[in-house]
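Student: give the three-dimensional model of this entry:
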Amino acid sequence: MVEDGETQALMIEAFAHDEGAEQLRSHIEETSYDSATEAHVTYSLTRNGEVVRSSEEGTAVRQDGTWKVSLQTMCTLAGFGNDVPRSGMCE
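Tutor: Below is the predicted model:
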């Protein structure tokens with residue numbers, strides 16, 4: 001689940017069905033809560049068992065009572081796909 005996922009459906013759907021992104025796996029290494037609605041996440045990424053990135057920094061947000069990947073972290077992940085359009089909200 002992604003922050004404001006309804007408004008970012010094009011990027012999220014493309015990521016979910018992208019050949020390069022489909023092979024991507026994440027592993028949460030550490031989580032620290034900055035507030036009741038924001039968390040700092042350290043994660044690693046693998047593709048076909050090979051480490052792509054380690055100790056990456058990201059965030060999660062609590063939205064509508066559910067913890068979700070922040071939009072900015074999703075924007076970073078979208079860059080690992082082969083043909084994923086980035087949202088205009090991505091920095």
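
Student: may I have the beta-bridge partners of residue 46?
Tutor: residue 25, residue 51 (DSSP bridges).

Student: surely it is in contact with residue 56?
Tutor: No: in this structure, residue 46 is not within contact of residue 56 by Cβ atoms under 8 Å, at 11.6 Å. (Glycine included, C-beta is placed from N, CA and C.)

Student: send me the lowest-mean-pLDDT helix or strand in the chain as PDB with only the CA atoms.
Tutor: When the helices and strands of the chain are scored by mean pLDDT, DSSP states H and E, helix 19-22 comes last with a mean of 86. Taking Å, rounded to 0.1, in the frame of the first residue of the first chain, the C-alpha atoms of helix 19-22 are listed here in PDB:
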ATOM      1  CA  GLU A  19       9.100  -6.800 -15.800                       C
ATOM      2  CA  GLY A  20      12.100  -5.300 -13.900                       C
ATOM      3  CA  ALA A  21      10.100  -4.300 -10.900                       C
ATOM      4  CA  GLU A  22       8.300  -7.600 -10.600                       C
END
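
Student: does residue 59 have beta-bridge partners, and which?
Tutor: Beta-bridge partners for residue 59, by DSSP bridges, are residue 40.

Student: counting neighbours, what do you get for it?
Tutor: Residues near residue 59, counting by other Cβ atoms under 10 Å, number 15.

Student: same check on the one 10 residues further on?
Tutor: The local packing count at residue 69 equals 21, with neighbours defined by other Cβ under 10 Å.
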